[in-house]
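# Pasted the sequence and its predicted model underneath.
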Amino acid sequence: MKRLPVLLFVLSPVFLFAQENINKNKFRQLGQELPTPNVYRTASGAPGHEYYQQQVDYDMKIELDDETQRLYGSSTITYVNNSPDDLVYLWLQLDQNVRAKDSDTKKIETGEINSRMSFGDMARMHNDFDGGFKIEYVKDNAGSELPYTIVNTMMRVDLPKPLKAKGKTVIKLKWWYNINDRMEIGGRSGYEFFPEDGNYLYTIAQFFPRLCVYNEVEGWQHKQFLGRGEFALPFGDYKVDITVPADHVVGATGFCQNYSQVLTAEQKQRFDEAKNADEPVIIVTQSEAEDNEKEGTKEKKTWTFKATNVRDFAFASSRKFIWDAMGVDIAGKKVMAMSYYPKEGNPLWEQYSTRVVAHTLRTYSKYTIDYPYPVAISVHAKAIGMEYPMICFNFGRPEKDGTYSDNIKHRMIGVIVHEVGHNFFPMIINSDERQWTWMDEGLNSFVEYLTEKEWDKDFPTRRGPAPNIVDYMKGDKSNISPIMTNSESIFQFGNNAYGKPATALNILRETVLGRELFDYAFKEYARRWAFKHPSPADFFRTMEDASGVDLDWFWRGWFYTTDHVDQSLDAVKWFQVDTKDPAVEKPLAKKQDMESERYISDIRNENGYQSVVEKDAKTRDFYNNEYDPYKWTILDSEEYDKYLSRLDDEEKGFLKEGINYYQIDLSSPGGLVMPVILEFEYADGSKETHRIPAEIWKMNDKEVSKVFMSEKELVRVVLDPTLETADIDRSNNYWPARQQPTRFELFKSKDYNSENPMQRAKRAAAKGK
């Protein structure tokens, strides 16, 4: 038998070092991080030629019991399997089970007892609310019971036979649940009770068992709902009958099919007038709402709504509602912008809400796609901001005397913009919120920033501008997550999922790509993935594909790491060409020596005593008596002429041009590579800005040097002069160094005055009388 030699391969230190350098290269491609392109999702970021998604249609009958605060429902669900796979079961989401007494959310909730606890904290600790769906049955279309298994906030329905690819099935469900008091135990939906008049305002969502998404990315997306990671839902058509007390006003996803039955003739006329109005028209007035508050009724009305190609359904109902509306032209189609609010929301809501809804629809349509739905609704509900197709619930309540602070006004406008904007992200561009919060909240917060600034250039925007994210970026890294972190595992949820991605996109727009390239690519992403299910890779790839710019370094730094930006202007070195002309260089050398700083001992010795050489002529020679290093001779001139004879005309020009050369030394201690923006100020007062792409760091992301030329004398340099890069330490951004004082406030005692400026103005006016 012939024996084969055993070969032992040893990786050399040189190979390992090279591999380590490759792994540290901040400009390496996102190869391993992104999924392999396929027939469903292409390398360009577009849907592939075999992309599919499921269709789920709902026909529901809902009754709201205002006496017991319960919701009763039944649904007929038609599920169309557009996938290439046979399905033996369906998974549905039971989000209300997050409030069940045995929910995992309660079991994993952490907390501490402090020396001071609020009554609200105690109420939540003692909460024994009986939440969660009470499923009465699950049946097939023939009325036969279907077996089902509830797993916390998910339910598996086993089908009698596999649902073939391209086939469809129908299931029927019946359920009820207790509606939660939002003001006591929180929640995205529920009710608010008004003790002054004994009435309720209901904002109802996640109120029915909803199908999970099934696709080639996750299979069934049935990750449990723990309360933070929101929703992943398929598109479908809805018909929903909502039965409520007869004096209630209802706003919902979709367009109401029976206004003539549920509104008075006068209210219906106002609604028709609102379609072509230039400003909001009141449909249900405050006096009508106040009459409803006082009377109450045992009678019922059913409001019928239809919605096409939506991923979810929600509604609001109350006898307290004032309702106004106006038509908005979106690409030649009338969209009804509407607001529902109790009198407690006035005067803010009547003045601003519907106008802000209309402005949001116009602005988002400009940056993404034209708003496709017939209505967009803003509902006032205290202490919440939550979004659903065509309807959202928003905070922003004035004081009881009708006054409000500037902060409350802007927060109310901001939350309306944000929640109405969610119609685009994720209701239309339908990303997986359960997995990636940033894909809807971050992108939406970015367009919210643009929309707020188009509302008011001085709008006090919280998220989007680069300087606003600095405190977060320079924080403790153990308390910061990469943006590419699952929704349930994020540290500092607001900063990570809203603020940082919004800032990153703003920097991409203003500093990396420029507005024209960015806006085109962003709009293309919205166009490609409208009414589809995009993933992070689809967004990253589309932005590169449509802009023509390699952005892997940007996605890696901003989305996959917790690095921060800290660029440092380490040195500015001034050079001029040595002309070799003794008539120029000798006097210049003398001038520089005469103006140079002198050592203290030499200054003091000058007049303090006579040295030996000064006193004794015999100690002096040629170098003491005759030699002048700054005087040139005929030999110097001849040597210069000989030097010139070896140069061509272009080379001689370099000697005589009088150009200043400035070497700028930069470093990046923060680790997050970014473009370099330098502002030069010259002795004549003029300024010049140099914008250098981030690729300047591609061979060395720690330190680089770059040479600039100018006929002018440079007196000042500022790194990132317009606050574009979220640099966390600006003390090293100036040459010469600039000291910036930090101001502090003196106080005598704590000011307990809690007046808002409007109240203070009223008090001042009263005193003036």
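Received the coordinates, thanks.
# contacting residues for S365?
330-331, 371 (CB atoms under 8 Å, 6 or more residues apart in numbering). Bear in mind the C-beta positions are built from the backbone N, C-alpha and C, glycine included.
# Can you pull the phi/psi pair for it?
phi -60, psi -30 (degrees, to the nearest 10).
# Quick check: pLDDT value at it.
We have a pLDDT of 98 for S365.
# By neighbour count, which of the contacts of S365 wins?
The most neighbours of any of the contacts of S365, using other CB atoms under 10 Å, belong to Y371, which has 24 neighbours.
# At which residues are the strands of the stretch 501-650 of the chain located?
Using DSSP state E, counting those that start in this stretch, the strands of the stretch 501-650 of the chain run over residues 568-576.
# check which helix or strand covers S705.
Assigned by DSSP states H and E, S705 falls within strand 703-710.
# One more: R691?
Secondary structure (DSSP H and E) places R691 in strand 687-692.
# Now do that strand: everything it contacts.
675-682, 706, 708, 710, 721.
# And stretch 261-269, by the same measure?
250, 256, 259-260, 271, 283-284, 301-303.
# mind redoing it with 6 Å?
Outside stretch 261-269, the residues that touch it by CB atoms under 6 Å, 6 or more residues apart in numbering are 259-260, 283, 301, 303.
# ok, now how distant is D432 from R311?
11 Å (CB to CB, to the nearest Å).
# and the contacts of strand 687-692, which of them are in strands?
Residues of the contacts of strand 687-692 located in strands (DSSP state E): 676-682, 706, 708, 710.
# still on that earlier bit, which one (most neighbours) among the contacts of stretch 261-269?
Neighbour max across those (other CB under 10 Å) = I283, 26 neighbours.
# wait, doesn't that one sit right on K275?
No. Using CB atoms under 6 Å, I283 is not in contact with K275, being 11.1 Å away.
# Pull out the buried residues from the ones in strands among the contacts of strand 687-692.
676-678, 680-682, 708 (16 or more other CB atoms under 10 Å).
# Turn those residues into TSV, columns for pLDDT and distance to M484.
Listed next are these as TSV, based on pLDDT from 0 to 100; distance: CB to CB, whole Å:
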residue	pLDDT	distance to M484
V676	98	26
I677	98	27
L678	98	31
F680	98	38
E681	97	40
Y682	97	44
F708	97	37
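# ok, which pair from those residues is furthest apart?
Within these, V676 and Y682 form the most distant pair, 19.2 Å apart (CB to CB).
# ok, back up a step: which one of the buried ones among the ones in strands among the contacts of strand 687-692 is nearest I62?
I677 (55.9 Å).
# hey, what's that closest one bridged with?
R691 (DSSP bridges).
# Can you give me the distance of it to F559?
22 Å.
# Distance across stretch 86-102, terminal residue to terminal residue?
34 Å (CA to CA, to the nearest Å).
# can you check stretch 577-585 too?
Start-to-end, stretch 577-585 (CA to CA) is 10 Å.
# tell me the average confidence for it?
84.
# Now it: buried residues?
Buried, per 16+ other CB under 10 Å, within stretch 577-585: 579, 581-582, 585.
# just stretch 626-646 next, same as before
Buried, per 16+ other CB under 10 Å, within stretch 626-646: 632, 636, 640.
# Run through who's touching it.
Counting by CB under 6 Å, 6+ apart, 580-582, 586, 590 sit against stretch 626-646.
# The same query, at a cut-off of 8 Å, please.
So stretch 626-646 is in contact with 580-583, 586-587, 589-590, 652, going by CB under 8 Å, 6+ apart.
# sorry, back to before: now the buried residues of stretch 626-646 as CSV including distance to K500 and pLDDT?
Shown next, in CSV, are those (distance: CB to CB, whole Å; pLDDT from 0 to 100):
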residue, distance to K500, pLDDT
W632, 63, 85
D636, 64, 84
Y640, 61, 82
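# and of those residues, the nearest to P741?
W632 (50.9 Å).
# How much space separates that closest one from E639?
The value you get for W632 to E639, if CB to CB is used, is 10 Å.
# Likewise for V584?
Counting by CB to CB - V584 and E639 are separated by 14 Å.
# Also N733?
Taken as CB to CB, the span from N733 to E639 is 45 Å.
# which residues touch I185?
I185 touches 99, 123-124, 127, 129, counting by CB under 8 Å, 6+ apart.
# which parts of the host helix or strand of R760 are buried?
Per DSSP H and E, R760 falls inside helix 757-768. Applying a neighbour-count criterion of 16+ other CB under 10 Å, one finds 758-759 buried in helix 757-768.
# Tell me which residues are up against that helix.
399, 401, 403-406, 755.
# top of the residues you listed by neighbour count?
Going by other CB under 10 Å, Y404 tops the contacts of helix 757-768 with 20 neighbours.
# What sits closest to it if chain neighbours are left out?
P398 (4.1 Å; CB to CB, 6 or more residues apart in numbering).
# Assign the one you found to helix, strand or coil.
With DSSP: H, G, I helix; E, B strand; the rest coil as the basis, P398 sits in coil.
# For the stretch 101-250 of the chain, just list every one of the strands.
Counting by DSSP E, counting those that start in this stretch, the strands of the stretch 101-250 of the chain are 134-140, 148-151, 154-163, 168-178, 190-194, 199-204, 210-211, 214-215, 219-220, 236-245, 249-252.
# Minimum distance to G385: which of those has it?
Short answer: strand 199-204, nearest of the strands of the stretch 101-250 of the chain by CB to CB, at 11.1 Å.
# Strand 190-194 and the closest one, what's the angle between them?
For strand 199-204 against strand 190-194, the angle by axes from the mean of the first three to the mean of the last three CA atoms, to 10 degrees is 170 degrees.
# partner strands of strand 199-204, parallel or antiparallel?
strand 190-194 (antiparallel), strand 315-318 (antiparallel).
# Make a markdown table out of those and add mean neighbour count and mean pLDDT.
Converted to a markdown table, the strands paired with strand 199-204 look like this (neighbours: other CB atoms under 10 Å; pLDDT from 0 to 100):
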| stretch | mean neighbour count | mean pLDDT |
| --- | --- | --- |
| strand 190-194 | 20 | 98 |
| strand 315-318 | 27 | 98 |
